[in-house]
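S.K.: Sequence and predicted structure are below.
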Amino acid sequence: MKPDARPLKTVKCIAHELGVSGATVRRMAKAGVLPVSKSGCGGRTSAYEIAREDLARLKKKG
C-alpha cells in the first residue's frame with residue numbers, strides 16, 4: 001500500500017491537513033462533520049481514522 005493511500009490516524013495529522021487545532025478536529029468529529037472512525041479496539045483512547053479521499057473532499061468544500 002502506498003504511503004499516501006493510508007488513512008490518517010492521529011488528531012494531530014488530521015488537524016495539520018485541515019489547518020485547524022486538535023480540539024477543533026475533536027469537536028468536528030463529535031458533531032458528525034468529519035467522517036472519522038475509531039481505529040484499534042474503538043475505545044475512548046483509540047485514535048481517529050479518516051480516509052484521505054474524505055479529507056480531500058472536506059478541504060475542497062472549505
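M.R.: Ah, there it is.
S.K.: alpha carbons only for contacts and neighbour counts from here, please
M.R.: Fine.
S.K.: Now do the same for stretch 27-47: mean pLDDT, whole number.
M.R.: Regarding stretch 27-47, the rounded mean pLDDT is 85.
S.K.: Can you give me the first-to-last residue distance of it?
M.R.: 14 Å (C-alpha to C-alpha, to the nearest Å).
S.K.: Show me the strands in this structure, by range?
M.R.: Remark: strands of the chain, listed N- to C-terminal, are 37-38, 48-49; assignment by DSSP state E.
S.K.: deepest of those strands, which one?
M.R.: Each of these was assessed for mean neighbour count using mean count of other C-alpha atoms under 10 Å. The highest is strand 48-49, with a mean of 20.
S.K.: so how far is that one off the chain centroid?
M.R.: Relative to the centre of its chain, strand 48-49 is centred 5 Å away, using C-alpha atoms, centre = their mean, to the nearest Å.
S.K.: partners of it, with directions?
M.R.: strand 37-38 (antiparallel) (DSSP bridges).
S.K.: neighbouring contacts of the strand it pairs with?
M.R.: For strand 37-38, the surrounding residues in contact (C-alpha atoms under 8 Å, 6 or more residues apart in numbering) are 46-50.
S.K.: re earlier: nearest to D4, of the strands of the chain?
M.R.: strand 48-49 (13.9 Å; C-alpha to C-alpha).
S.K.: which outside residues touch that closest one?
M.R.: When contacts are taken as C-alpha under 8 Å, 6+ apart, the neighbours of strand 48-49 outside the stretch itself are 7-11, 36-39.
S.K.: switch to 6 Å and redo it
M.R.: Contacts to strand 48-49, defined as C-alpha atoms under 6 Å, 6 or more residues apart in numbering, come from residues 8-10, 36-38.
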